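Engineer: Here is the input, now give the coordinates:
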Amino acid sequence: DLPSDIEWHFIGMLQSNKAKSLVAGVPNLAVVESVHSTKTATALQKACEAAGRSDPLRVMIQVLTSGEDSKSGCDPSECVGMAQHIVEQCPALQLTGLMTIGKFGDPNPEPYFALLQQCRGRVAQALGVGEESLELSMGMSGDYDKAIAAGSTSVRVGTSIFGARPPKA
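Structural biologist: Here you go, the predicted model:
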């Protein structure tokens, strides 16, 4: 059995039609780090209302900083509009920051991290909040040290803990 006070972070592509089952099925869901569209934010808002959550669900906007077709995320030019939508139209959600996944295997992830920092600055200015009030989730097992140096407040180090994923069949 897992501790009853464990908090879960959802990371990964979330289809808007799966928001209700995620919110209802994970009672200790604390953060969704991969909100990539206003449609997904709205679906999470409705799911939280339907589930009767007492605390706002913390969310991060996933920004596509690498430009890869294989990854999800809003375009950097859309992050302010996304943030405004969440803050103004989704009272059951709490915008807690921005997230990105750099290009896999790129030995120079700094440009992706710098772009996310720029997005945070634009979002903070548009919302009238301090940049430090918005977290940055960036960096994984292979580049977490560079991510921390670039200001990351959250890194994803699953490969370091659990090992590499098996290849896709």
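
Engineer: what are the ranges of the strands in this structure?
Structural biologist: According to DSSP state E, the chain carries its strands in the segments 8-10, 29-35, 57-62, 93-99, 135-140, 154-156.

Engineer: what's the closest of those strands to Val129?
Structural biologist: Each of the strands of the chain has some distance to Val129 by C-beta to C-beta; the shortest is strand 93-99, at 9.2 Å. The way it works is simple: take the backbone N, C-alpha and C, and place the C-beta from them, glycine included.

Engineer: what comes up buried for the closest one?
Structural biologist: Buried residues in strand 93-99, defined by neighbour count with 16 or more other C-beta atoms under 10 Å: Leu93, Leu95, Thr96, Gly97, Leu98, Met99.

Engineer: Just put the strands of the chain in a markdown table and tack on mean pLDDT and distance to Lys146.
Structural biologist: As requested, the strands of the chain are exported to a markdown table (pLDDT from 0 to 100; distance: least, C-beta to C-beta, whole Å):
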| stretch | mean pLDDT | distance to Lys146 |
| --- | --- | --- |
| strand 8-10 | 92 | 21 |
| strand 29-35 | 96 | 19 |
| strand 57-62 | 98 | 19 |
| strand 93-99 | 98 | 16 |
| strand 135-140 | 92 | 7 |
| strand 154-156 | 86 | 10 |
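
Engineer: between those strands, which gets nearest to Cys79?
Structural biologist: Nearest of the strands of the chain to Cys79, taken as C-beta to C-beta: strand 57-62 at 5.7 Å.

Engineer: same for the closest one, what does it pack against?
Structural biologist: strand 29-35, helix 38-51, helix 79-89, strand 93-99 (3 or more C-beta pairs under 8 Å, 6 or more residues apart in numbering; DSSP states H and E).
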